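Chemist: Pasting a predicted model and its sequence here:
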Amino acid sequence: MTTVVASISNRETGTGPSRRIRVEGGIPGVVYGLGQEPVAVSVGYAELRDALKGPAGLNTVFNLDLDGTPTPVILKDLQRNAVKRTVEHCDFLRVDNDVPVKVTLPVHLVGRASKILDTGGIVEQKMFQMRVKCAPNNIPISIEVDVSKLTPDSRISVGDIDLPEGVTALMGDRITVAAPVVTRASKMALDEDEDEETEGTEGGDAAAEVADDAE
């Protein structure tokens with residue numbers, strides 16, 4: 001959290017001043033949180049973009065210079081123009097490592113679901129983002145979900161995920177994150193495996209019966 005983004009505090013508010021800030025290469029915004037009064041600010045677009053270039057992306061905690069005082073913040077909301085997709089406004093949340101924050105993280109599937117893939121099936125990712133709560137200094141870059149133990153008759157839910165220490169999911173435990181898709185080819189492969197197992201079992205019983213008869 002060494003990055004410091006300069007800001008102009010107590011800026012003029014309203015449509016006119018905000019438009020002028022954007023023309024000059026800035027972004028109007030508001031800083032709030034931790035029980036303190038909201039402060040209207042403007043920040044340089046290029047500075048903010050550079051501060052958010054790290055692996056944590058929009059969840060990066062950085063220092064915002066408020067009247068000469070570096071203040072730890074996180075980007076809470078970013079509004080874009082519906083047509084041009086340019087950044088119109090930003091909300092910043094003051095943070096304290098003793099006060100958990102709520103953030104949205106990307107979900108990545110890791111591992112190889114061999115019991116699915118080796119029979120022609122596929123793994124379908126149902127959830128691509130997860131809402132979590134954690135300390136500002138403990139925000140993961142992403143949530144990794146291991147699918148290596150996935151089987152054709154199972155699924156992975158939020159409650160099955162081993163989240164990093166100190167991270168709590170803010171979504172229902174039963175929501176599906178990843179599930180197998182049994183294709184026609186994989187269904188045929190599974191049926192063949194079951195048939196082979198059945199034949200092997202029947203053969204064993206017959207041999208036992210012959211042995212018994214021999215006695």
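Modeler: Nice, thanks for sending it over.
Chemist: For this structure, which segments are assigned as strands?
Modeler: 4-9, 26-33, 36-44, 61-66, 69-80, 87-94, 101-110, 122-125, 129-134, 143-146, 156-157, 168-169, 176-181 (DSSP state E).
Chemist: so which of these comes closest to residue 18?
Modeler: strand 26-33 (4.4 Å; C-beta to C-beta). No exception for glycine: its C-beta is placed from N, CA and C like everyone else's.
Chemist: in that closest one, what counts as buried?
Modeler: Going by neighbour count (16 or more other C-beta atoms under 10 Å), the buried part of strand 26-33 is 26, 27, 28, 29, 30, 31, 33.
Chemist: before we move on, what about stretch 104-113?
Modeler: 105, 107, 109, 113.
Chemist: repeat for stretch 174-186
Modeler: Quick answer for stretch 174-186 (16+ other C-beta under 10 Å): 177, 178, 179, 180, 182, 186.
Chemist: Show me which of the residues you listed is closest to residue 66.
Modeler: residue 177 (39.1 Å).
Chemist: any idea which of the buried residues of stretch 174-186 is least confident?
Modeler: pLDDT across these is at its lowest for residue 186, which sits at 57.
Chemist: okay if I get the strands of the chain as CSV plus distance to residue 20?
Modeler: Shown next, in CSV, are the strands of the chain (distance: least, C-beta to C-beta, whole Å):
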stretch, distance to residue 20
strand 4-9, 12
strand 26-33, 9
strand 36-44, 10
strand 61-66, 21
strand 69-80, 17
strand 87-94, 13
strand 101-110, 32
strand 122-125, 44
strand 129-134, 35
strand 143-146, 41
strand 156-157, 50
strand 168-169, 42
strand 176-181, 46
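Chemist: Does residue 108 touch residue 145 like I think?
Modeler: Yes - when contacts are counted by C-beta atoms under 8 Å, residue 108 is listed as touching residue 145 (7.1 Å).
Chemist: ok, back up a step: farthest-apart pair in the buried residues of strand 26-33, please.
Modeler: Maximum distance among these (C-beta to C-beta): 21.4 Å, for 26 and 33.
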